[in-house]
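**Student:** here's a sequence, model it:
(one chain, ligands or ions: 1)
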Amino acid sequence: MRKLSIRDLDLHEKRVFMRVDFNVPISQGRIRDDMRILQTLETLRYGLERNAKLVLASHLGRPKGKPDPEQSLRPVAELLHDLLGRPVQFVEDCIGPVAGQAAAAMKPGDVLLLENVRFHKEEEANDEEFARQLASLSEGLYVNDAFGTAHRAHASVVGITKFVEQAASGLLMERELKFLGDALERPVRPFVAVLGGAKVSDKIEVVEHLMHIADSLLIGGAMAYTFLKAKGMPIGASRVEEDKLELAGHLLDEARKAKFRLLLPIDHAVAPSIDERAKMRVVDMGKTPLGWMGLDIGPKTAAFFSDEIARARTVVWNGPMGVFEVEPFSWGTIAIARALAAVTSTGVTSIVGGGDSMAALRKSGLADRITHVSTGGGASLEFLAGRKLPGVIALTDKVGR
Ligand code: AMP
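**Tutor:** Model (predicted):
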């Protein structure tokens, strides 16, 4: 079912409650990375061009349901002021009389930023009364542009939608749903998926779902070792999830029966410890010395995976190929980023999700060469696992065409 978009709303001089994702790293009152704020600006400007009154709400960090000055959104109000070129009023609570009075006094084109919604435990509990109070700050209009939080059934994401007349996606949310939705529902084939990162447990459902819809699945990162061990390969002291070995073995069996191309690394960069100065060696699969760990894919794997990517018409990537935060082990992840950038330049759709893959893309200066870099790590994974996101289900259905 298609959902209402902000473009379907009559925002003119109306007070609209916008759930945005301003969950940015802040230390000593300074914003260390403003990307999430920049990505939602288009939606904010869209509202302001229509003379709406914007009531902005977000969470920041995990304050455990009570106020914590370290996790205040106040620094974001200052940055927004500069970015939007107009005053942004900050309100010290997201409900109650201060918020109500500030909202009531707004004029067309005003922007109000509410304090962290997670300062109230009712937010994560999806409490009805709290949701109703948030909704009362709007004039029946709600816009959700926080894709990164759409997998959470929280009050400002789900509960609030019951108390407004229209709940619509913002422009960023719409773009996320379009790219991820199109890729998974009607991919141009071959459709190649690349998964990495540490934990198999986070990605089991993703592997299962992708086995049904992709043409091949390339697995790197630590999660590959759980699969390799399940196949009986010696993997030295590489990180393995012992309690997931059986499941990994089962997935490999399924892939074999379905003749599905589930591809694992054929060589590895190994070292005795995760350390910048550790001795590093490249070994073929099965040749990891005792006590050494696989910390990145090797050059043969990078070439093998890159060839597969070069033949794709749609590529989705989530999770690093190695311990990319430590310089000597970032090589494989960057090689995959390059392969994605190269294939994208031939008109292929590439989609990258997850904070680590995104960080690797930015580090290698390749982010601009990817079709779509998703802002939501957890949300994009749930999407790849074939789950419906509660924050999207809650939006108003679009009637008619
Ligand atoms: P995840 O949160 O599951 O996406 O995992 C991301 C983390 O996996 C990153 O911090 C990487 O350093 C880590 N990682 C990737 N490959 C390996 C590996 N071979 N050994 C240990 N950690 C890894």
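
**Student:** return the residues of this structure in contact with the ligand.
**Tutor:** Contact residues, the chain versus the ligand (Cβ under 6 Å from any ligand atom): 197-199, 202, 221-222, 239, 294-295, 319-320, 322-323, 325, 354, 356. Bear in mind the C-beta positions are built from the backbone N, C-alpha and C, glycine included.

**Student:** what's the ChimeraX syntax to select whichever of these are buried?
**Tutor:** To isolate the buried members of the residues of the chain next to the ligand in ChimeraX, using 16 or more other Cβ atoms under 10 Å:
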select :197,198,202,221,222,239,294,295,319,320,322,323,354,356
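
**Student:** which of the residues of the chain next to the ligand sits closest to the ligand?
**Tutor:** Closest approach to the ligand among the residues of the chain next to the ligand (Cβ to the nearest ligand atom): residue 197, at 2.4 Å.

**Student:** helices along the chain, start to end?
**Tutor:** Ranges of helices within the chain are 35-49, 74-84, 96-104, 121-124, 128-135, 171-185, 204-213, 223-230, 245-257, 299-310, 331-344, 355-363, 377-384, 390-393, based on DSSP state H.

**Student:** you'd agree residue 79 is up against residue 31?
**Tutor:** Yes - if you go by Cβ atoms under 8 Å, residue 79 and residue 31 touch, sitting 5.8 Å apart.

**Student:** picking up where we left off before, so which two of the residues of the chain next to the ligand are the farthest from each other?
**Tutor:** Within these, 294 and 354 form the most distant pair, 20.1 Å apart (Cβ to Cβ).

**Student:** that older thread, what do residue 79 and residue 31 both touch?
**Tutor:** residue 37 (Cβ atoms under 8 Å, 6 or more residues apart in numbering).

**Student:** hang on, the earlier thing: please flag which of the residues of the chain next to the ligand sit within strands.
**Tutor:** 294, 295 (DSSP state E).

**Student:** from the residues of the chain next to the ligand, which single one is nearest residue 39?
**Tutor:** residue 354 (15.5 Å).

**Student:** can you report phi and psi for that closest one?
**Tutor:** Dihedral pair for residue 354: phi 100, psi 140, per degrees, to the nearest 10.

**Student:** distance check, it against residue 235.
**Tutor:** 24 Å (Cβ to Cβ, to the nearest Å).

**Student:** and of the residues of the chain next to the ligand, the nearest to residue 27?
**Tutor:** For the residues of the chain next to the ligand, the minimum distance to residue 27 (Cβ to Cβ) is 18.1 Å, reached by residue 325.

**Student:** test my guess that residue 213 contacts residue 187.
**Tutor:** Yes - with contacts counted by Cβ under 8 Å, residue 213 reaches residue 187, the gap being 7.1 Å.

**Student:** comparing these two, which shows the higher neighbour count?
**Tutor:** residue 187 (20 against 14; other Cβ atoms under 10 Å).
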